[in-house]
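A.B. asks: Take a look and give me a structure for this.
(one chain, ligands or ions: 1)
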Amino acid sequence: MRFEERYGEAVTDSAGKDDYEHHGGFPRYTPAEVGPEYGRLVDALRTLQDLAVSTAPTPEVIEDAAERVEALIDLLKPFAVPEGEQPAGRVLSLPGRGSLLMLPWTVEKFDAEGVRSRGMFRRYHLGGNGAAHGGTLPLLFDDLFGMIQHAYGRPISRTAYLHINYRKITPLDTELVVEGSVDKVEGRKTFISAVLKDREGTVLADCEALMVQLLKGQP
Ligand SMILES: CCCCCCCCCCCCCCCC(=O)SCCNC(=O)CCNC(=O)[C@H](O)C(C)(C)COP(=O)(O)OP(=O)(O)OC[C@H]1O[C@@H](n2cnc3c(N)ncnc32)[C@H](O)[C@@H]1OP(=O)(O)O
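C.D. replies: Now for the predicted structure:
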């Protein structure tokens with residue numbers, strides 16, 4: 001299957017053509033096929049996270065909510081699968097690739113020239129005084145860098161360092177765009193950089209990182 005059929009028009013044929021023999025000890029990641037109900041579930045869980053950190057219910061409501069969440073846990077538990085088999089993180093068309101951990105951003109460009117993603121920081125990303133928590137930006141950049149080097153055709157690598165410059169406050173509930181690309185490759189080392197901007201083009205943060213290709217069997 002061509003990559004644009006798997007991932008949508010934002011993805012070109014050159015993306016992801018790397019060699020899995022050089023992926024250290026990693027499981028092989030393949031795109032997941034899911035129905036619309038999967039995106040619905042992930043979206044609802046994100047809203048639940050927003051509410052979990054922004055409400056002050058009565059003890060009775062808290063108890064009721066705890067029981068309902070425990071019932072949900074019981075429902076999902078029997079379907080646990082090993083890493084690489086869950087849809088989460090493998091659905092490029094969904095915000096955050098369908099992973100609750102990742103920022104709920106949507107990839108709109110994914111090719112060897114770079115990756116661009118658009119979205120918002122939400123209430124559950126709050127650091128203080130309306131701004132995104134400083135620790136959520138490295139998550140955004142690090143995941144973007146993983147996609148950038150995958151789209152560039154580099155084997156799976158691990159982040160050796162990641163340097164962020166926080167230039168301005170990153171607001172919540174405001175559409176933002178992050179875009180980055182490979183700057184250079186030196187043997188096992190891939191140097192990548194990216195910029196986070198608001199809709200007016202103001203730079204909120206920029207980031208550069210070194211990713212080192214894993215050796216055979218390296219975790
Ligand atoms: C399918 C649908 C969706 C598709 C789309 C999704 C795609 C999605 C893909 C998933 C992708 C997952 C990607 C996981 C990404 C993490 O998991 S990142 C997690 C956070 N990072 C870590 O845990 C890394 C921990 N550190 C390590 O494991 C090791 O230190 C490393 C990074 C592997 C390097 O160790 P090493 O192999 O012993 O390498 P070493 O020989 O020390 O260094 C190699 C070179 O790098 C340099 N170097 C190493 N560290 C540094 C440093 N900190 N500063 C400067 N230079 C350094 C060395 O100087 C050396 O340079 P040269 O001498 O060759 O010029």
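A.B. asks: all helices of the chain, in order?
C.D. replies: With helices called from DSSP state H, the chain shows them at 3-7, 36-52, 59-76, 136-152.
A.B. asks: Out of the ones you listed, the one nearest P104 is which?
C.D. replies: helix 36-52 (5.8 Å; CB to CB). Where C-beta positions appear, they are placed from N, C-alpha and C, glycine not excepted.
A.B. asks: Check which helices and strands that closest one is in contact with.
C.D. replies: The contact analysis (3 or more CB pairs under 8 Å, 6 or more residues apart in numbering; DSSP states H and E) places helix 36-52 against no helix or strand.
A.B. asks: CA atoms only: put it into PDB for me.
C.D. replies: Backbone C-alpha positions of helix 36-52 (Å, rounded to 0.1, in the frame of the first residue of the first chain) are rendered in PDB as follows:
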ATOM      1  CA  PRO A  36     -14.300   6.200  13.800                       C
ATOM      2  CA  GLU A  37     -15.300   4.800  17.300                       C
ATOM      3  CA  TYR A  38     -11.600   4.700  18.200                       C
ATOM      4  CA  GLY A  39     -11.100   8.500  17.700                       C
ATOM      5  CA  ARG A  40     -14.300   9.100  19.600                       C
ATOM      6  CA  LEU A  41     -13.100   7.100  22.600                       C
ATOM      7  CA  VAL A  42      -9.700   8.900  22.700                       C
ATOM      8  CA  ASP A  43     -11.400  12.300  22.300                       C
ATOM      9  CA  ALA A  44     -13.800  11.500  25.200                       C
ATOM     10  CA  LEU A  45     -10.900  10.400  27.400                       C
ATOM     11  CA  ARG A  46      -9.000  13.600  26.700                       C
ATOM     12  CA  THR A  47     -12.100  15.600  27.700                       C
ATOM     13  CA  LEU A  48     -12.300  13.500  30.800                       C
ATOM     14  CA  GLN A  49      -8.600  14.500  31.600                       C
ATOM     15  CA  ASP A  50      -9.600  18.100  31.100                       C
ATOM     16  CA  LEU A  51     -12.400  17.700  33.600                       C
ATOM     17  CA  ALA A  52     -10.300  15.700  36.000                       C
END
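A.B. asks: need the contact list for the residue lying closest to R167 once chain neighbours are set aside.
C.D. replies: In space, R167 comes closest to V203 once its chain neighbours are excluded; the distance is 5.2 Å by CB to CB, 6 or more residues apart in numbering. Neighbour list for V203: 167-168, 195-197 [criterion: CB atoms under 8 Å, 6 or more residues apart in numbering].
A.B. asks: Could you identify which of the helices of the chain is most buried?
C.D. replies: Of the helices of the chain, the one with the most neighbours on average (mean count of other CB atoms under 10 Å) is helix 136-152, at a mean of 22.
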